[in-house]
Every structure is written in structure tokens, then in C-alpha cells.
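> Pasting a predicted model and its sequence here:
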Amino acid sequence: MMPNQKRQSLLCPNCKKLISASESRCPHCGTAHPAAWYKNNFWTRGFSDPYALIKAIIGLNIGIYLISLMLNPRGFGLALNPLTFLSPSGSILELLGATGSVPIDAGQRYWTLISANYLHGGVLHILFNMAAFRQLGLLVAREYGVYRMFMIYTLGGVIGFFVSYLAAVPWTIGASASVCSLAGALLYYGKSRGGVYGRTLYKQIGIWVVLLFMFGFLLPVINNWAHGGGIAAGIGLGFVLGYQERKKENIFHKLLAGGLAVLTLLILAWAILSGIYYRFTL
């Protein structure tokens, strides 16, 4: 195809099947005006591969974790205690956007409700969260669609941490509120769908949630408020957004997911740059 030649075919933004660019409606799924610019752009195509998106989110978490380690002024936890091994200092985590009643009430840092989801306090912390995210994220992407999965992950984390803030938890970090929101969405899906598959999924996720809270009560450092808020948020978002078998993803889901992605990246960029600035100037 020559550079100045118009594109003759494209992938339908909804069903991903190859169609003619001149089609007024996708012959496979019925999507109107599939070649329209607002249905074929970076934001509506960028989430098409759930594996790539999940890898990108995991990579972002790992990258910020490594930055938090490198910014430690006097080293970091090297003791053989697995709960503190390779742990960033509290001051660095605060600079990079830890959330809670202290940073929000004292500094009006509401943006930390997003940034804290990408901060972790040690190797085991990030390992467990990312392993759970990969497993649950793929399940939610399959049943809800990748755009709604990202919306549930992001908004569920924000709501979970806001519940934690209302409970006056002073400081908190981690992707577990977001991961719990994915579990909540799967609970709603399994209960709503029913059948052998739905009941099995509901039971498996239910056991996971019970074990999570049992573990949380044994370790006081775990933020059960954020976990509970994330699960409740996931159930509510699952109900409001719907899942694939009842309602296919539409342009609203894609644009909102794209907007949340831009907002998240801007907040994380601000958190990292401001954190580096204050680390070396104060």
C-alpha cells in the first residue's frame, strides 16, 4: 500500500474482525460506523490485548517499586525477615504518593488514592499482589472485557482506599485494594450468571476472600478496610458496568478506560518527578 493510499480495510473496533473501511455497519456484529475516528484511535485500540495490558500494569508496578528502592537515602531493609526484605523507607513512600488520612487531611493529597495503588512495601508485598492481579485480571478481562477490567481495577482501588481513609487509616499502599475489586467483580459475575461455571467461580473466589480476611486479621499491618472497600466496589462496579454475556463493551467503556489510563499516568508521573525533586532538595 502506498503512503498516500487510503486504508481499504480495518479491524472492527468491537468484534475485531477484518472488514472494509467503507462499511457503514460491521457485517459481523452490527457496530455502526466502525471506521469513525472516535472508534478507531489510540485509546480505543490500546486495550485490545488483555495480556499486554496486564503485563504493562505489572511492569509499571515493578518499575515504581525499583524507583522507591533507589530513592532510599540510607539503604533499605536487608534483614532476613521476609516481611521487611528490600523494603523502601516510609519517607520515600510518602513522597511517591502513599495515601491515608495523614497525607489527605494534612496535605489535601487526594491524588494519592490512585498513586498508592502502584506502591509496595517489600518483595513479598509486590509478589503476592502481582501474582493475584495476573490471575484475577485475566479472568475479569475474559468475562467483562479488557476495558471494563481496567475500570474496575482503577476505580475499585480508589474506592477501597477512600473507605480506608474514612476509617482513619493513617498510611496505606499497595495494589491489593484494586485486586480485591477484581475479586468482587468476579463474585458478582458468578452469583449473577449462575450455572455450574458461575457457582464454581463464586465458590472459589469466595474461599479466596475468606482466606484473605483471615490472613488480614492475623497480620495487623494488612489494611482490611481497603480490602473490604475494594471487594464492595468490585461488586457494585460489576453490577453497574455489566459483563460480556449481558452487555458487550461499547464506546463509553473504551473512552472512560482511556481517560482513566491518562489520569493514572499523569498522576504517577507527577508522583515520581515530585518525589525525586523533594528527595534531593529537602
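Thanks, I have the structure now. Fair warning: this is a prediction, and the values are worked out from it, not measured in the lab.

> going forward, measure contacts and count neighbours with C-alpha atoms only.
OK.

> packing partners for the helix or strand containing residue 260?
Using DSSP states H and E, residue 260 falls within helix 251-281. Packed against helix 251-281 by the contact rule (3 or more CA pairs under 8 Å, 6 or more residues apart in numbering; DSSP states H and E) you find helix 42-45, helix 90-95, helix 112-115, helix 146-166.

> quick one: residue 143 and residue 241, what's the gap?
12 Å (CA to CA, to the nearest Å).

> quick one on the thing from earlier: okay, the angle between the helix holding residue 260 and helix 146-166?
If you take axes from the mean of the first three to the mean of the last three CA atoms, to 10 degrees, helix 251-281 sits at 50 degrees to helix 146-166.

> got the buried residues for helix 251-281?
Within helix 251-281, the residues that qualify as buried are 253-258, 260-261, 264, 267-268, 270-272, 275-276, 279, counting by 16 or more other CA atoms under 10 Å.

> any idea of the mean pLDDT for that helix?
Averaging pLDDT along helix 251-281 gives 92.

> can you give me the offset of that helix from its chain's centre?
Centroid separation for helix 251-281 versus its chain: 13 Å, with CA atoms, centre = their mean, to the nearest Å.

> ok, now stretch 51-71?
Centroid displacement of stretch 51-71 relative to its chain, using CA atoms, centre = their mean, is 12 Å.

> Residue 128: how many residues sit nearby?
12 (other CA atoms under 10 Å).

> Looking at it now. What's its pLDDT?
93.

> now it: how far from residue 100?
Distance from residue 128 to residue 100, by CA to CA: 22 Å.

> do residue 218 as well
Distance from residue 218 to residue 100, by CA to CA: 21 Å.

> Compare the two and say which one has the larger neighbour count.
The neighbour comparison of residue 218 against residue 100 (other CA under 10 Å) goes to residue 100, with 26 against 9.

> Please tell me I have it right and that one contacts residue 161.
Yes. Residue 100 lies in contact with residue 161 (CA atoms under 8 Å); the separation is 7.4 Å.

> which residues are common contacts for those two?
Common neighbours of residue 100 and residue 161 are listed as residue 172 (criterion: CA atoms under 8 Å, 6 or more residues apart in numbering).

> circling back: the helices and strands packed on helix 251-281: which one's closest to residue 52?
Closest to residue 52 of those, according to CA to CA: helix 146-166, at 10.4 Å.
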